[in-house]
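> Sharing a model prediction with you, sequence too.
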Amino acid sequence: MNEPSSLTLKEIRDEAGNIKTFVFETGGLEWTAGQYQTYALPHDGVEASHDNEHWFTISSAPSEGTVNISTRLTGSAFKSALAALQPGDTLSRYGIEGDFTWEDVSDERVVFVAAGIGVTPFRSILLERHLTDKPLNSTLLYFNRDDQIPFKETFDDLVARHPEFTVTYVTGQPVTADKILELAPEAASETTYLSGPGPMVIAVGEELSGRGVTVKRDEFPGYTEQNY
């Protein structure tokens with residue numbers, strides 16, 4: 001892993017439910033929408049260096065000019081330390097990674113499937129395409145555990161501006177291959193991006209692949225179908 005540099009916190013925004021967005025200056029950082037980064041934040045009572053680290057998909061679009069981390073505050077030591085930051089405080093960060101990106105400029109459509117906070121890469125991807133005048137030829141199936149849906153206003157605004165883009169919100173139901181193909185039957189012939197709790201992404205991704213669906217996966221650690 002490369003030597004870390006730092007990001008400076010600008011503000012903290014309340015999203016839906018227990019989700020907050022931490023907005024940092026870019027510090028010259030460049031990335032492709034959908035990528036993730038590892039962050040280091042030492043906190044009390046933790047000695048092992050890996051326990052001071054956590055990776056997050058960047059939820060902001062590169063064109064927004066900030067590096068945003070959006071996460072559920074689950075009470076973990078790392079996230080508690082993150083929530084205690086004040087504007088002007090810094091967070092160490094390592095290099096950008098990940099290929100959960102959509103850079104195609106053709107008319108080919110794709111299907112996005114998000115479970116809870118697994119929606120962060122799709123916020124980045126879709127907003128970046130909007131800000132750079134690219135088509136949003138896609139369907140977003142957004143599963144959330146309740147009706148406190150983060151970034152709903154952003155997605156609804158994109159739907160209003162892009163007739164080629166559709167969103168279906170599903171609350172209080174598990175993510176299954178059957179439900180995905182019921183709501184977006186086009187997934188059978190289009191690349192499907194699946195993002196959310198690791199166990200769900202692995203299980204549903206394997207079932208979709210077994211049915212001949214082309215799947216790209218983004219597995220979020222530390223989440224289950226109970227806390228996503």
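Good, I have the coordinates.
> Let me see the domain layout of this structure.
Domain segmentation of the chain under automatic domain parsing yields 5-97, 110-220.
> In TSV, list those domains along with mean neighbour count, mean pLDDT and distance to Glu103.
Just so you know, the C-beta spots here come from the backbone N, C-alpha and C atoms, and that holds for glycine as well. Rendered in TSV, the data for these read as follows (neighbours: other C-beta atoms under 10 Å; pLDDT from 0 to 100; distance: least, C-beta to C-beta, whole Å):
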stretch	mean neighbour count	mean pLDDT	distance to Glu103
domain 5-97	17	89	7
domain 110-220	19	95	9
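> Let me know which of those is the nearest to Asp104.
domain 110-220 (7.8 Å; C-beta to C-beta).
> Centre of the chain to the closest one, how far?
Relative to the centre of its chain, domain 110-220 is centred 10 Å away, using C-alpha atoms, centre = their mean, to the nearest Å.
> go on, stretch 52-68?
Relative to the chain's own centre, stretch 52-68 is displaced by 9 Å; criterion: C-alpha atoms, centre = their mean.
> how far does it stretch from start to finish?
Start to finish, the residues bounding stretch 52-68 are 19 Å apart (C-alpha to C-alpha, to the nearest Å).
> still on that earlier bit, dump the domains of the chain into JSON lines; add distance to Asp104 as well.
Supplementary listing: the domains of the chain in JSON lines, determined by distance: least, C-beta to C-beta, whole Å:
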{"stretch": "domain 5-97", "distance to Asp104": "12"}
{"stretch": "domain 110-220", "distance to Asp104": "8"}
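> C-alpha coordinates for stretch 151-167, PDB please?
Once non-C-alpha atoms are left out, stretch 151-167 reads as follows in PDB (Å, rounded to 0.1, in the frame of the first residue of the first chain):
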ATOM      1  CA  PHE A 151     -29.900  10.500  -1.800                       C
ATOM      2  CA  LYS A 152     -33.500  10.000  -3.000                       C
ATOM      3  CA  GLU A 153     -33.900  13.700  -3.900                       C
ATOM      4  CA  THR A 154     -30.700  13.400  -6.100                       C
ATOM      5  CA  PHE A 155     -32.000  10.300  -7.900                       C
ATOM      6  CA  ASP A 156     -35.500  11.800  -8.400                       C
ATOM      7  CA  ASP A 157     -33.900  14.900  -9.900                       C
ATOM      8  CA  LEU A 158     -31.900  12.800 -12.300                       C
ATOM      9  CA  VAL A 159     -35.000  11.000 -13.300                       C
ATOM     10  CA  ALA A 160     -36.700  14.300 -14.100                       C
ATOM     11  CA  ARG A 161     -33.800  15.400 -16.200                       C
ATOM     12  CA  HIS A 162     -33.000  12.200 -18.000                       C
ATOM     13  CA  PRO A 163     -35.900  10.200 -19.500                       C
ATOM     14  CA  GLU A 164     -33.500   7.400 -20.300                       C
ATOM     15  CA  PHE A 165     -33.000   6.800 -16.600                       C
ATOM     16  CA  THR A 166     -35.400   5.100 -14.300                       C
ATOM     17  CA  VAL A 167     -35.400   4.300 -10.500                       C
END
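> can you list contacts of it?
Applying C-beta atoms under 8 Å, 6 or more residues apart in numbering, the contact partners of stretch 151-167 are 15-16, 70, 119, 123, 126-127, 130, 135-140, 142, 169.
> Show me the helices in the protein, by range?
Residue ranges of the helices in the chain, as given by DSSP state H, are 77-83, 120-131, 152-161, 177-183, 198-210.
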